[in-house]
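Q: I would like the atomic coordinates for the input below:
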Amino acid sequence: MLSIIDARTGEPVTAAPARRGLTRVEAHASGHDTGELRVLLVADLLVRALELGGTPVVALLTGERARAELRTAGAALGIRPFEQGRDLAAGMGAAQTLHVVREDGEAPEGVLIAVGPVFPETPAAPARPDADPTALRLALLSHHHRDAVPLDEDALGRSHATLARWRRAVADWARQPSRPVPDEVRGRLHTAWEDDLDVPEVLRVLRSVEEAGPDLPAGARFETYAYADRLLGLELTRDVGGVA
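A: Numbering: from 1, shown residues only. Below is the predicted model:
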């Protein structure tokens, strides 16, 4: 079960305290710089993690400014649409509300998930002209949501290269017979994202699967990456079925 650190108290709380009860995730973002975009991304991850655990979720965007620009930037990063406005939220009963804000932001009463800053907030575009916007998503996911993210052209370039390598590998593994995700690997993935949404550890698990010896079948590697991508949203299976 997903446990998250409440920034108000510094203590872990269960993100879905009522079994199968509705959880409301509110993203408090007003601008459209990279720091605000990261708030929306962390809220998206929370929604995905809760859904993977079988919890019904409603996701709301409560900021008033630059909402259209933020939604457009979020869509480019694979962030699913959020409902708008707190008036809508007031009409939805929920067992718990999770407020996702910048670390220096304010939010109404409820569990508070603080998101660390991004430096610089408006990064330079990567040098590669064919840069995938999802590379920015991976660069942000590579740091725990409470930590600051140093974001520059090199970081975006590394993320672009990792995405390209993983997508090629996934497309290659998909040509082999499917095999289930190994129980030990599935357990490591769940332990990571249920422990305060530790996405960097999820990425480390994927790297260990990539680097595993020949005893791990290609089909199991494929299913592992496809399963983890339900949380990560990196389109890791995008090239499956393409021309070799």
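Q: excluding chain neighbours, what is closest to W193?
A: Using Cβ to Cβ, 6 or more residues apart in numbering and skipping residues adjacent in sequence, the residue nearest W193 is A49, 5.2 Å away. Every residue, glycine included, has its C-beta placed from N, CA and C.
Q: same question, G63
A: Among residues not flanking G63 along the chain, S30 sits closest, at 3.6 Å (Cβ to Cβ, 6+ apart).
Q: ok, how many other residues are close to the one you found?
A: The number of residues packed near S30 is 16, by other Cβ atoms under 10 Å.
Q: my guess is it meets E36, correct?
A: Yes: contact criterion Cβ atoms under 8 Å: S30 and E36 qualify, at 6.6 Å.
Q: quick one: end-to-end distance for stretch 67-84.
A: This stretch, stretch 67-84, spans 9 Å end to end (Cα to Cα, to the nearest Å).
Q: residues of it that come out buried?
A: In terms of neighbour count (16 or more other Cβ atoms under 10 Å), stretch 67-84 has its buried residues at 67, 70-71, 73-74, 77-79, 82.
Q: for this structure, what spans make up the strands?
A: Remark: strands assigned in the chain by DSSP state E are 3-6, 11-14, 23-27, 57-61, 83-84, 96-102, 111-115, 118-119, 149-150.
Q: run me through the strand neighbours of the longest one, direction for each.
A: Pointing back at strand 96-102 there. According to DSSP bridges, strand 96-102 forms sheet pairs with strand 23-27 (parallel), strand 111-115 (parallel).
Q: mind checking which of the strands of the chain is nearest H190?
A: Checking the strands of the chain against H190 by Cβ to Cβ gives strand 3-6 as the closest, at 11.7 Å.
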